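Give the three-dimensional model of this entry:
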Amino acid sequence: MDGIPFIKMHGLGNDFVIVDSRTSPLGVTAPLAQAIADRHTGVGCDQLIVLEPSARADSFMRIFNADGSEVGACGNATRCVGALLIAGLRRNRVAIETRAGVLSAESAADGLITADLGPPRLGWQEIPLARAMDTGRLDYRHPAGPAEPVAVNMGNPHAVFFVADAEAVAVETVGPDIERDPLFPERVNVSFVSQKADGALRVVVWERGAGRTRACGSAACAVVVAATLRGLVDRRATVWMDGGRLEMAWRSADDHVLMTGAVAVAFTGVIALPGHVGAAA
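Next up is the predicted model:
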């Protein structure tokens, strides 16, 4: 193989390098994922997405953070991969297998894509936490002030803090501390949420293994669940992240969380092999 073909996509600026290895297996190591994700010497992305064959769905999606760690689910990646599969298979709905289970994506109005990330998990062992605790209001306070978050697992663990002004939080300082707090043995994605005058939710996200991101789909899912549990919304919300807007719904019929938003292809290229990784054509 002379190189690895890829598609660079993003959902609200949450960007991905997507490699289709369904017919040509790609052995991904943490150093390879880190090299591809590097924004100075690689292609640059929040996550590397590798598509593999699946016996249960239209594709298996592996997700590697920029630090090389592998995670179970990613909402915006599900929408981006969903858009690719929908176009390739010429169907309106596709199934995508992940380490967190089989998710689905479908076409929505105005060219948007809806992803179904399934039901939230709210038990303390499901997050997971280091000890038994009420996940609706964690007994936790950061020295800088954020306290008593809601813990939600949406394929990844999330801690959702409600604050007066999400944009005023020193995310780059506070986020890493919370991500690696011993309370969260698998680390945690951290969201800071404030409610706007029109009822919409402003969300700033520190994503484990990636840092501050312009958008995080599973975080948006965790936020609508947490805001519903706190009585701020009634299972539906418009969520504004740094990269734009997502429409969220926590469906009462089956407890599934759905997110709808835009996706886009940025460019395509080939990652050069061997030698330094990340030369984009």
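
Please make it C-alpha for all contacts and neighbour counts, starting now.
Noted.

what separates residue 29 from residue 207, distance-wise?
20 Å (Cα to Cα, to the nearest Å).

Please say which of the two ends up with more neighbours.
residue 207 (24 against 13; other Cα atoms under 10 Å).

List the contacts of that one.
Counting by Cα atoms under 8 Å, 6 or more residues apart in numbering, residue 207 touches 179, 188, 189, 190, 213, 216.

Among these, which are located in helices?
residue 179 (DSSP state H).

closest to residue 272 among the contacts of residue 207?
Nearest to residue 272 among the contacts of residue 207, counting by Cα to Cα, is residue 213 at 26.5 Å.

Report the contact partners of that closest one.
Per Cα under 8 Å, 6+ apart, neighbours of residue 213: 13, 14, 46, 205, 206, 207, 242.

Kindly report the same for residue 240.
For residue 240, the contact set (Cα under 8 Å, 6+ apart) comprises 200, 201, 202, 203, 246.

Can you select the buried ones from the residues you listed in PyMOL?
Those of these that count as buried under 16 or more other Cα atoms under 10 Å are selected in PyMOL with:
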select buried, resi 200+201+202+203+246
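
Select from the contacts of residue 240 every entry located in strands.
Mapping the contacts of residue 240 onto strands (DSSP state E) picks out 201, 202, 203, 246.

Compute the number of surrounding residues for the residue nearest to the third one when sequence neighbours are not counted.
Spelled out, it's residue 203. Nearest non-adjacent residue to residue 203, counting by Cα to Cα, 6 or more residues apart in numbering: residue 193, 4.6 Å away. The tally of other residues near residue 193 (other Cα under 10 Å) stands at 26.

Could you do residue 258 as well?
Residue 258: 26 neighbours (other Cα under 10 Å).

same question, the one 4 residues further on
Around residue 262 sit 20 other residues, with neighbours defined as other Cα under 10 Å.

biggest separation within the contacts of residue 207, which pair?
Using Cα to Cα, these span at most 14.9 Å, a distance reached by 179 and 216.

Neighbour count for the two, which is higher?
Per other Cα under 10 Å, whichever of residue 179 and residue 216 has more neighbours is residue 216, with 31 against 24.

and the more buried one, what is it in contact with?
Contacts for residue 216 (Cα under 8 Å, 6+ apart) come out as 14, 74, 75, 76, 205, 207.

so which of those residues would you say is closest to residue 37?
The closest of these, once distances to residue 37 are taken by Cα to Cα, is residue 14, at 12.5 Å.

coming back round to it: check the residue nearest to residue 203 and give its pLDDT.
Per-residue pLDDT puts residue 193 at 98.

Name the helix or strand for it, please.
strand 189-195 (DSSP states H and E).

Show me this protein divided up by domain.
Listed by automatic domain parsing, the domain ranges of the chain are 3-117+263-272, 150-251.

Show me how far the first one is from its chain's centre.
Spelled out, it's domain 3-117+263-272. 11 Å (Cα atoms, centre = their mean, to the nearest Å).

do the same with stretch 239-251
12 Å.

so how far does it reach from one end to the other?
One end of stretch 239-251 to the other measures 16 Å (Cα to Cα).

Which residues belonging to that stretch are considered buried?
Neighbour counts over stretch 239-251 (16+ other Cα under 10 Å) mark 239, 240, 241, 242, 243, 245, 246, 247, 248, 249, 250 as buried.

residues in contact with residue 203?
Residue 203 touches 166, 191, 192, 193, 194, 220, 239, 240, 241, 242, counting by Cα under 8 Å, 6+ apart.

List just the nearest of those residues to residue 184.
Nearest member of the contacts of residue 203 to residue 184, counting by Cα to Cα, is residue 191, at 14.4 Å.

Can you name the residues bridging to that closest one?
Per DSSP bridges, the residues bridged to residue 191 are residue 160, residue 205.

and the residue nearest to residue 14 when sequence neighbours are not counted, how far is that from residue 173?
Spatial nearest neighbour of residue 14, excluding adjacent residues (Cα to Cα, 6+ apart): residue 215 at 5.1 Å. Distance of residue 215 to residue 173, computed by Cα to Cα: 18 Å.
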